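>>> here is a sequence together with a model predicted from it:
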2 protein chains.
Amino acid sequence: MSPDGRGRPRSSRVDEAVLRTARELLAEVGYGGFSVDRLAARAGVGKAAVYRRWSSRAEIVFAAVVSGLHAGPPEDTGSLRDDLERQLTAFAGAVSEPVARRALPGFIADLTDDPALAARFASAVTEPVQARLAAVLDRAVARGELRARPDVPMLHSLLVGPLMAHLLLPFGTEAEGFASRVVAVVVAGLKSQDGALSPSVPETPTSCPSARPGRGGSEPRA
Amino acid sequence: MSPDGRGRPRSSRVDEAVLRTARELLAEVGYGGFSVDRLAARAGVGKAAVYRRWSSRAEIVFAAVVSGLHAGPPEDTGSLRDDLERQLTAFAGAVSEPVARRALPGFIADLTDDPALAARFASAVTEPVQARLAAVLDRAVARGELRARPDVPMLHSLLVGPLMAHLLLPFGTEAEGFASRVVAVVVAGLKSQDGALSPSVPETPTSCPSARPGRGGSEPRA
DNA sequence: ACTATACGAAACGTATCGTTTCGTTTCGTA
DNA sequence: TACGAAACGAAACGATACGTTTCGTATAGT
């Protein structure tokens, strides 16, 4: 649309057709076989109309698939473990759908080469998810299940990371109850490590006599 | 080389030049900017000589970078946590090197579309790593640190998954001591969940002290 | 009606893929 | 020492995809 509202308005038909067709195409051929030429042809749309809205293939995939991954139940079950289990199980269901399974690996690869896209991902997915995690943890602290609130990005990685490994790598993991089992271990670990994972307190070997901290890896986050 | 040994033998100079140049190029331009044309030109080698050895770009990256990720210290520290910490810290160091950081995301994406390559990855990386994990766990059981040996692929995901999330996604995780903290939580979780993670015993809410057992949770895998 | 913009279709130039063809070089074998 | 098979570097191939641009046409506001 023009800045002052003149000219022909963009057709919402194009937006809908492109996003719907993108999901279909991604589910069928995966990220590798997904091309803008095919997308436009199949959606009955010109490539110009596509690039007028999204600046790259990765942006289209973001709009069609990834931007919806933030959703999750905000329920308060009264238990840290159940709260996390519902949230992670919902997330696992979303990323296990055929569209997401075939679209995410390539999209994640593009993330590492496109800082702007990574920032959009952080705003649209990471932040809402970590905000809900923070709320869950705060309730657990208020309830007395935890003494201190653990580092939220770390918890996020502990929960979502195993799911990613399960989806992306041939590890031989069983899908049955995967999210529940991850939550069970992590929650149990959090409780017995209570306080050691709070932000800016990386390691305090109080009750594990033989553990050396060891050097950390070098820094990613290009 | 020909089947009966006749003809000009392949030059090891080509193998070395290609693999070394591939690592250089990947570290500089990443998986996205990595092309066989550039690789061959820079290595002073014809493309035919490259494709005579490796059948695709992904195979080259596998040979140049990924196939070396299995290494790890086989030491026995006498403690489950220290054993795992050394192994995961070494792995974190390997995948944090610039070459691996820039090569792995795209390679992982290719894995999901190439079952043969995924099988090669499983043989070359997953199996040796899980074999070492199994050995570590068996020692912990023999030592009395654990009662039952947990599911090895699950433990593998619990350890490596967070590392992948840290490397691939904008989660805001801190690199300092990341591997150590992951191990601390997971080992603590394993110990307090002892027996619940053994293979084919997904969930047995017998001795969960403060957490409500909760329902087993619905299953993803759409 | 006038103007500005979106529309589908099509072609553009650049880049990469994996393959193939050149003429040449290097080895094992006869 | 001569022969033949296969590797070598260089170069070109057809196919595909990217993101851009140009067409003539359609559709809104003013």
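Alright, I've got the coordinates. Just so it is clear, the model here is predicted, and its values are computed rather than measured. Residues are numbered from 1 along each chain as shown, chains lettered A, B, ... in the order given.
>>> is DNA strand C contacted by whichever strand or helix holds residue A:27?
Per DSSP states H and E, residue A:27 falls inside helix A:12-33. Yes: using CB under 7 Å from any atom of the strand, helix A:12-33 reaches DNA strand C at residue A:14. Bear in mind the C-beta positions are built from the backbone N, C-alpha and C, glycine included.
>>> just the CA atoms of that helix, as CSV, please.
The C-alpha coordinates for helix A:12-33 follow below in CSV (Å, rounded to 0.1, in the frame of the first residue of the first chain):
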residue,chain,number,x,y,z
SER,A,12,-5.7,-10.1,0.9
ARG,A,13,-6.4,-12.9,-1.5
VAL,A,14,-2.7,-12.9,-2.4
ASP,A,15,-1.6,-13.1,1.2
GLU,A,16,-3.9,-15.9,2.0
ALA,A,17,-3.2,-17.9,-1.1
VAL,A,18,0.6,-17.5,-0.6
LEU,A,19,0.7,-18.5,3.0
ARG,A,20,-1.7,-21.4,2.6
THR,A,21,0.2,-22.7,-0.4
ALA,A,22,3.5,-22.2,1.3
ARG,A,23,2.4,-24.5,4.1
GLU,A,24,1.2,-27.1,1.6
LEU,A,25,4.4,-26.9,-0.4
LEU,A,26,6.6,-27.1,2.6
ALA,A,27,4.8,-30.1,4.0
GLU,A,28,5.2,-31.9,0.6
VAL,A,29,8.6,-31.1,-0.5
GLY,A,30,10.4,-29.7,2.5
TYR,A,31,12.6,-26.7,2.8
GLY,A,32,15.0,-27.9,0.2
GLY,A,33,12.4,-28.4,-2.5
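>>> show residues contacting the helix-or-strand element of chain A with minimal mean pLDDT.
In chain A, no helix or strand scores lower on mean pLDDT, DSSP states H and E than helix A:115-121, which sits at a mean of 93. By CB atoms under 8 Å, 6 or more residues apart in numbering or on different chains, the residues outside helix A:115-121 that reach it are A:58-59, A:62, A:66, A:110-112, A:222, B:169-170.
>>> let me know the distance separating the residue in chain A that DNA strand C sits nearest to from chain B.
Using CB to the nearest atom of the strand, the closest approach of chain A to DNA strand C is made by residue A:7 at 2.2 Å. Between residue A:7 and chain B the distance is 36 Å, computed by CB to the nearest CB, to the nearest Å.
>>> outside of the helix or strand that the least confident helix or strand of chain A is followed by, which residues touch it?
For helix A:115-121, the following helix or strand on the C-terminal side (DSSP H and E) is helix A:127-143. Residues from elsewhere that reach helix A:127-143 (CB under 8 Å, 6+ apart): A:70, A:72, A:74, A:76, A:78, A:80, A:83-84, A:87, A:91, A:146-150, A:152-153, A:155-156, A:159-160, B:171-172.
>>> next secondary structure after helix A:127-143?
Immediately after helix A:127-143, counting by DSSP H and E, sits helix A:152-168.
>>> what mean pLDDT does that following helix have?
What helix A:152-168 shows for mean pLDDT is 98.
>>> give the buried residues for that helix.
Buried residues in helix A:152-168, counted by 16 or more other CB atoms under 10 Å in any protein chain shown: A:152-168.
>>> ok, back up a step: Provide the backbone phi and psi angles at the residue of chain A closest to DNA strand C.
Main-chain dihedrals, residue A:7, degrees, to the nearest 10: phi 90, psi 180.
>>> that one: neighbouring residues, count only.
Per other CB atoms under 10 Å in any protein chain shown, the neighbour tally for residue A:7 reads 9.
>>> please apply the same query to residue A:13.
Other residues lying near residue A:13 total 11 when counted by other CB under 10 Å.
>>> swap in residue A:175?
Residue A:175: 13 surrounding residues under other CB under 10 Å.
>>> about what we covered before: from the chain's centre, how far out does the least confident helix or strand of chain A sit?
Relative to its parent chain, helix A:115-121 has a centroid offset of 13 Å by CA atoms, centre = their mean, to the nearest Å.
>>> C-alpha coordinates for it, PDB please?
Coordinates of each C-alpha in helix A:115-121 appear next as PDB, following Å, rounded to 0.1, in the frame of the first residue of the first chain:
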ATOM      1  CA  PRO A 115      21.000 -11.700  12.000                       C
ATOM      2  CA  ALA A 116      17.900  -9.600  11.200                       C
ATOM      3  CA  LEU A 117      15.800 -12.800  10.800                       C
ATOM      4  CA  ALA A 118      17.200 -14.100  14.000                       C
ATOM      5  CA  ALA A 119      16.100 -10.900  15.800                       C
ATOM      6  CA  ARG A 120      12.600 -11.300  14.400                       C
ATOM      7  CA  PHE A 121      12.600 -14.900  15.600                       C
END
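>>> quick check: residue A:68 touching residue A:91?
No: applying CB atoms under 8 Å as the test, residue A:68 and residue A:91 come out as separate, 11.3 Å apart.
>>> for the two, work out which one has more neighbours and name it.
When neighbours are counted by other CB under 10 Å, residue A:91 comes out ahead of the other of residue A:68 and residue A:91, with 21 against 14.
>>> host element of the more buried one?
Using DSSP H and E, residue A:91 sits in helix A:80-96.
>>> from the contact counts, what lies against that helix?
The contact analysis (3 or more CB pairs under 8 Å, 6 or more residues apart in numbering or on different chains; DSSP states H and E) places helix A:80-96 against helix A:98-111, helix A:127-143, helix A:152-168, helix A:178-192.
>>> now the ones you listed in a markdown table, with distance to residue B:47?
Formatted as a markdown table, these follow (distance: least, CB to CB, whole Å):
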| stretch | distance to residue B:47 |
| --- | --- |
| helix A:98-111 | 24 |
| helix A:127-143 | 44 |
| helix A:152-168 | 30 |
| helix A:178-192 | 43 |
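>>> reformat those helices as JSON lines; add distance to DNA strand D.
Formatted as JSON lines, these follow (distance: least, CB to the nearest atom of the strand, whole Å):
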{"stretch": "helix A:98-111", "distance to DNA strand D": "9"}
{"stretch": "helix A:127-143", "distance to DNA strand D": "26"}
{"stretch": "helix A:152-168", "distance to DNA strand D": "21"}
{"stretch": "helix A:178-192", "distance to DNA strand D": "32"}
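>>> tell me the pLDDT at residue A:202?
Residue A:202 carries a pLDDT value of 44.
>>> CA-only coordinates of stretch A:101-112 in PDB, if you can.
What follows is stretch A:101-112 as a C-alpha-only set of coordinates in PDB (Å, rounded to 0.1, in the frame of the first residue of the first chain):
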ATOM      1  CA  ARG A 101       9.200 -30.800  10.800                       C
ATOM      2  CA  ARG A 102      10.100 -30.300   7.100                       C
ATOM      3  CA  ALA A 103      10.400 -26.500   7.300                       C
ATOM      4  CA  LEU A 104      12.300 -25.900  10.500                       C
ATOM      5  CA  PRO A 105      15.700 -27.500   9.800                       C
ATOM      6  CA  GLY A 106      16.400 -25.300   6.800                       C
ATOM      7  CA  PHE A 107      14.900 -22.300   8.500                       C
ATOM      8  CA  ILE A 108      17.100 -22.700  11.500                       C
ATOM      9  CA  ALA A 109      20.100 -22.900   9.200                       C
ATOM     10  CA  ASP A 110      19.200 -19.700   7.600                       C
ATOM     11  CA  LEU A 111      18.800 -18.100  11.000                       C
ATOM     12  CA  THR A 112      22.500 -18.400  11.700                       C
END
